[in-house]
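>>> attaching a predicted model along with its sequence, questions to come.
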Amino acid sequence: MEGVIDAPMRRLLSGIGGYDRCVTEFIRVTNVLLPERVFLRLCPELETEGHTLSGVPVYTQLLGSDRHALAINAKRAVAMGAPGVDLNFGCPAKTVNNSMGGSILLRDPDSVALIVKSVRDAVDPHVPVTAKIRLGYDDHHALPEIVGLIRDAGADEIAIHARTKFDGYKPPAKWSAVKQVMNVGVEATYINGEIWNVLDAGEARQHSGCAHIMLGRGALAAPDLARRILAAESDEMLALLPWEKVCEMVRQQFLTSDSQSPRHVGNRTKQWLAYLKRSYPEVPDLFTRLRTLHDVTAILHAFDEHLKCSQR
């Protein structure tokens, strides 16, 4: 989730609880060994032994099509402290696909397998190498071949976003299409896509046959979703975090990261609110107050005014 789940957001979400690990935004690899500063910019957790402040490991995600370049960059990430390497074969963005990255590679399963094997061979065998894919490029008929080749190439885990590249993010996610590849590797396969609440999590598991879940946009819509899903596994139903607490999180997140770029003040905050409105009816009022603002002082004043009104 480029430009959305950055290091400050990973720190916040992992601090709430429920996550076994996080993955960085993708680091784009062409045909060169990237300097360490690139890794540190997108994964500052490398300076804290590859973990968030709450102790959750952060895998470094790489995206590209040059298997040799991906291998040497994976090796560098691990040398810098990455506890795992994730390979992105799922991004459907045109700009990414036009550069032969992300889900366009699913058209050639053999190339995907060669990339996985090259990275797997390049790093210490104790360091996990994982892959994020979609059901396929334009349909899901090749999914068994893709998954089988990735597993044979040595990937430790696979996360499957239950839509094709051409599905984009249009609902519904086709969770049941994943079940055809769940005869083996159940414990090493994660389901992803359209998991917005605890009920979705249960249905995604049931229909896909996957034991585990990967959250993306759902984590932004409900910051405590992972914690509530985990609690539900023990038949404990936790209430959604109150809006006042989440609103303060958004405000603090704005101060931590979104207020630091003069050209883009408020952009990520507004993007986050667009997801939060799925869970909180109070969001439209705050979003309306912030929509045209690009000044730190004005935005903070809008937060204060919104909270005053919502508490009346």
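Everything's here; your move.

>>> can we go C-alpha only for contacts and neighbour counts from here?
OK.

>>> so who does Ser118 touch?
67-68, 70-71 (Cα atoms under 8 Å, 6 or more residues apart in numbering).

>>> make JSON lines from those and add secondary structure and pLDDT to it.
Output for the contacts of Ser118, formatted as JSON lines (DSSP: H, G, I helix; E, B strand; the rest coil; pLDDT from 0 to 100):
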{"residue": "Arg67", "secondary structure": "helix", "pLDDT": "97"}
{"residue": "His68", "secondary structure": "helix", "pLDDT": "98"}
{"residue": "Leu70", "secondary structure": "helix", "pLDDT": "98"}
{"residue": "Ala71", "secondary structure": "helix", "pLDDT": "98"}
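
>>> domains in the protein, by residue range?
Using automatic domain parsing, the domain parsing of the chain gives 7-232, 243-310.

>>> center of this protein - which residue?
The chain has Gly216 as the residue nearest its centroid, 4.5 Å off, counting by Cα atoms, centre = their mean.

>>> can I assume it is in contact with Val4?
No: with contact defined as Cα atoms under 8 Å, Gly216 and Val4 do not form a contacting pair (9.6 Å).

>>> mind checking pLDDT for the residue nearest to the centre of the chain?
Note for Gly216: predicted pLDDT of 95.

>>> likewise Met100?
Reading off the confidence values, Met100 has pLDDT 83.

>>> using the three-state scheme, assign it.
coil (DSSP: H, G, I helix; E, B strand; the rest coil).

>>> what sits against it?
64-65.

>>> what's the separation between it and Ser54?
As judged by Cα to Cα, to the nearest Å, Met100 and Ser54 stand 36 Å apart.

>>> out of the domains of the chain, deepest packed?
domain 7-232 (a mean of 20; mean count of other Cα atoms under 10 Å).

>>> what's downstream of the lowest-mean-pLDDT helix or strand in the chain, the next helix or strand?
When each helix and strand of the chain is scored by mean pLDDT, DSSP states H and E, helix 94-97 comes last, with a mean of 85. As assigned by DSSP states H and E, the chain's next helix or strand after helix 94-97 is helix 109-122.

>>> from the chain's centroid, how far away is that next one?
22 Å (Cα atoms, centre = their mean, to the nearest Å).

>>> tell me how far the least confident helix or strand of the chain lies from the chain's centre.
Going by Cα atoms, centre = their mean, where helix 94-97 is centred and where its chain is centred differ by 18 Å.

>>> can I get the contacts of Ser118 in JSON lines including distance to Ile229?
Converted to JSON lines, the contacts of Ser118 look like this (distance: Cα to Cα, whole Å):
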{"residue": "Arg67", "distance to Ile229": "36"}
{"residue": "His68", "distance to Ile229": "39"}
{"residue": "Leu70", "distance to Ile229": "34"}
{"residue": "Ala71", "distance to Ile229": "35"}
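
>>> nearest to Leu105 among those?
Arg67 (11.9 Å; Cα to Cα).

>>> which residues touch the closest one?
Contacts of Arg67 by Cα under 8 Å, 6+ apart are 114-116, 118-119.

>>> picking up where we left off before, and the least confident helix or strand of the chain, what other elements does it pack with?
For helix 94-97, there is no helix or strand it packs on, judged by 3 or more Cα pairs under 8 Å, 6 or more residues apart in numbering; DSSP states H and E.

>>> who touches it?
Here helix 94-97 makes contact (Cα under 8 Å, 6+ apart) with 91, 102-104.

>>> nearest to Val29 among the residues you listed?
Using Cα to Cα, the contacts of helix 94-97 come closest to Val29 at Gly102, 11.3 Å.

>>> where does the stretch 101-250 of the chain have low pLDDT?
By pLDDT under 70, the weakly predicted segments of the stretch 101-250 of the chain are 184-186.

>>> show me where the stretch 151-300 of the chain has its helices.
198-208, 217-221, 225-232, 243-253, 267-276, 283-290, 296-310 (DSSP state H, counting those that start in this stretch).

>>> out of those, nearest to Tyr169?
Of the helices of the stretch 151-300 of the chain, nearest to Tyr169 by Cα to Cα is helix 217-221, at 10.3 Å.

>>> summarise which helices and strands that closest one is packed against.
helix 225-232, helix 267-276.

>>> adding distance to Thr164, write the ones you listed out as a markdown table.
Compiled in a markdown table, these are given as follows (distance: least, Cα to Cα, whole Å):
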| stretch | distance to Thr164 |
| --- | --- |
| helix 225-232 | 25 |
| helix 267-276 | 22 |
